[in-house]
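>>> Return atomic coordinates for the entry below.
(one chain, ligands or ions: 1)
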Amino acid sequence: MAPAPLGNPSSDAKNLLMRISLCNSEGEDLPGKGKDFLFKFLVIGSAGTGKSCLLHQFIENKFKQDSNHTIGVEFGSKVVNVGGKTVKLQIWDTAGQERFRSVTRSYYRGAAGALLVYDITSRETYNALTNWLTDARTLASPSIVVILCGNKKDLDADREVTFLESSRFAQENELMFLETSALTGENVEEAFLKCARTILNKIESGELDPERMGSGIQYGDTSLRHLRQPRGAQTQSKQPCSC
Ligand SMILES: Nc1nc2c(ncn2[C@@H]2O[C@H](COP(=O)(O)OP(=O)(O)OP(=O)(O)O)[C@@H](O)[C@H]2O)c(=O)[nH]1
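A predicted model of the protein is given here:
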């Protein structure tokens, strides 16, 4: 069953949160049970870049047909094995449309990692990256681990943003970088795992302290109960998951 991550979610949203969580391969087990860690992740970036499709591909291993704009936020979770550790990723997929910005911003707090997504066929979505990154570092944490994802890699013929310029942007802004395709699944799991692995490495090296309030990291079994929640955030969601 999904955690109750919000202050006062609508009943539609509650249904959605639960249904998406049950799509997860390990959705039936107790939250956090037997896990070494829980990490809170965000998926952020401009509208239409493929954030919901990336999350769906990661959790369901298939492309989400007929994806509509996200309204507010959606939630998914998946348990992964990273470097011998069992980690539950609690992932918040945020709407890219400007009109939902105040809602989505309230979910940033305490995120440990983020996928920052642009569309390689849309320079506009690439140009917006700095703003998204500023939001993540300001509202989540300056130490949030971010992986830049140039999505729609399968549409190479329509490319407007080169791999090289994105690599440079990533380097200048201390981001990891991958080009992904939610359609083919290329590099999708890698993106989530790379981000999780980096967080684990930082925990092991002492650079990140899971005990710090709002770190977005929790230890094992009781983690979900302790994860900090946005105050007064209202969830608005699009249609129920069609899984
Ligand atoms: N060819 C191709 N199309 C994709 C890919 N990922 C997503 N799309 C398409 O891009 C459109 C937008 O995908 P979404 O996942 O809904 O985008 P989003 O970023 O969640 O959009 P918002 O919810 O508005 O922020 C849909 O028509 C998808 O079918 C991809 O990797 N390749």
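>>> Get me the contact residues on this structure for the ligand.
47-53, 67, 69-70, 95-97, 151-152, 154-155, 181-183 (CB under 6 Å from any ligand atom). Using the backbone N, CA and C atoms, a C-beta is placed for each residue, glycine as well.
>>> Would you mark the buried spots in the helix or strand hosting residue 130?
Assessed by DSSP states H and E, residue 130 sits inside helix 129-135. Across helix 129-135, burial judged by 16 or more other CB atoms under 10 Å covers 129, 132, 133, 135.
>>> Buried ones among the residues of the chain next to the ligand?
Among the residues of the chain next to the ligand, the ones that count as buried by 16+ other CB under 10 Å are 47-53, 67, 70, 95-96, 151-152, 154, 181-183.
>>> quick one on the thing from earlier: out of the buried residues of helix 129-135, which is nearest to residue 207?
residue 133 (19.4 Å; CB to CB).
>>> now that closest one: how far from residue 115?
Separation of residue 133 from residue 115 (CB to CB, to the nearest Å): 12 Å.
>>> could you show me where the strands are in the protein, in order?
Assigned by DSSP state E, the strands in the chain fall at 37-45, 73-82, 85-94, 113-119, 145-151, 176-179, 217-219.
>>> Mean pLDDT and distance to residue 194 added to these, as TSV?
Formatted as TSV, these follow (pLDDT from 0 to 100; distance: least, CB to CB, whole Å):
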stretch	mean pLDDT	distance to residue 194
strand 37-45	95	12
strand 73-82	94	10
strand 85-94	95	12
strand 113-119	98	10
strand 145-151	98	6
strand 176-179	98	6
strand 217-219	76	16
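>>> follow-up on the earlier one: so can I have TSV of the buried residues of helix 129-135 showing distance to residue 160 and pLDDT?
Shown next, in TSV, are the buried residues of helix 129-135 (distance: CB to CB, whole Å; pLDDT from 0 to 100):
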residue	distance to residue 160	pLDDT
129	13	98
132	18	97
133	19	98
135	23	96
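>>> Considering the residues you listed, which is situated nearest to the ligand?
Using CB to the nearest ligand atom, residue 132 comes nearest to the ligand of those, at 11.1 Å.
>>> Which residue ranges of this protein form helices?
For the chain, the helices defined by DSSP state H cover 11-23, 51-60, 101-105, 123-127, 129-135, 163-172, 188-204, 223-226.
>>> Tell me what angle the longest one forms with strand 145-151.
Pointing back at helix 188-204 there. Taking axes from the mean of the first three to the mean of the last three CA atoms, to 10 degrees, helix 188-204 and strand 145-151 form an angle of 170 degrees between their directions.
>>> Which elements pack onto the helix holding residue 130?
Using 3 or more CB pairs under 8 Å, 6 or more residues apart in numbering; DSSP states H and E, the elements in contact with helix 129-135 are strand 37-45, strand 113-119.
>>> Might one say that residue 111 is in contact with residue 143?
No. With contact defined as CB atoms under 8 Å, residue 111 does not reach residue 143; the gap is 10.6 Å.
>>> These two: who's more crowded?
In terms of neighbours (other CB atoms under 10 Å), residue 111 is the more surrounded of residue 111 and residue 143; the figures are 26 against 15.
>>> Not counting sequence-adjacent ones, nearest residue to the more buried one?
Using CB to CB, 6 or more residues apart in numbering and skipping residues adjacent in sequence, the residue nearest residue 111 is residue 140, 4.1 Å away.
>>> ok, that neighbour to residue 40 distance?
According to CB to CB, residue 140 and residue 40 sit 9 Å apart.
>>> Which of the helices and strands in this structure ranks last by mean pLDDT?
helix 11-23 (a mean of 36; mean pLDDT, DSSP states H and E).
>>> OK, contacts around the residue of the chain positioned farthest from its centre?
Distance from the C-alpha centroid of the chain, by CA atoms, centre = their mean, peaks at residue 157 (27.3 Å). Listed by CB atoms under 8 Å, 6 or more residues apart in numbering, the contact set of residue 157 is empty.
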